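S.K.: from the sequence below, what's the structure:
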Amino acid sequence: MIVRLMGEGQYRIDEAAHTELDAIDEAAVAALEAGDESTLDAKLDEMWSLVRARGERLPDDDLSASDLIVPPSDLTLAETRELFSEQGLIPDLPA
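M.R.: Presented below is the predicted three-dimensional model:
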C-alpha cells in the first residue's frame, strides 16, 4: 500500500502497518464526527509518525498512485472533513 503524507511525499507500508493505520483511522473518524479537533489532530499526527517510522519513503520522482492520503494536523476541522470519505482516510480496497 502506498500512503501519501500531504505536502511531504509517498511511503510504501506493509500489511501490519496498514492494519495499525486502520485502527487509528477509526479513532480519527470518531473524533471528526464528534467535532473533537484536538483528538483528531493527535490521531493525524499519530498516523504521520507511524507512516514515517514504518514506511519506506519513495523517491520524489516515483509516480505511483497513492492508495490513501493523510492530511496534516494543521488543517481546520472543516478542511479535514472535506478529505474524509465515508470509509475514513483509509478506504476498504477490493481484495
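S.K.: which residues touch the residue most central in space within the chain?
M.R.: Nearest to the mean C-alpha position of the chain, counting by CA atoms, centre = their mean, stands V70 at 3.1 Å. Applying CB atoms under 8 Å, 6 or more residues apart in numbering, we find V70 in contact with 3-6, 44, 47-48, 51, 89. Quick note: C-beta positions are derived from backbone N, CA and C, even for glycine.
S.K.: out of the residues you listed, which sit inside helices?
M.R.: Using DSSP state H, 44, 47-48, 51 are the members of these that sit in helices.
S.K.: quick check: which ranges of this protein have low pLDDT?
M.R.: Within the chain, the stretches with pLDDT under 70 are 84-95.
S.K.: and the strands in this structure?
M.R.: Applying DSSP state E to the chain gives strands spanning 2-5, 9-12, 56-57, 68-70.
S.K.: parallel or antiparallel, which strands does the shortest one pair with?
M.R.: Each strand paired with strand 56-57, and its direction, by DSSP bridges: strand 9-12 (antiparallel).
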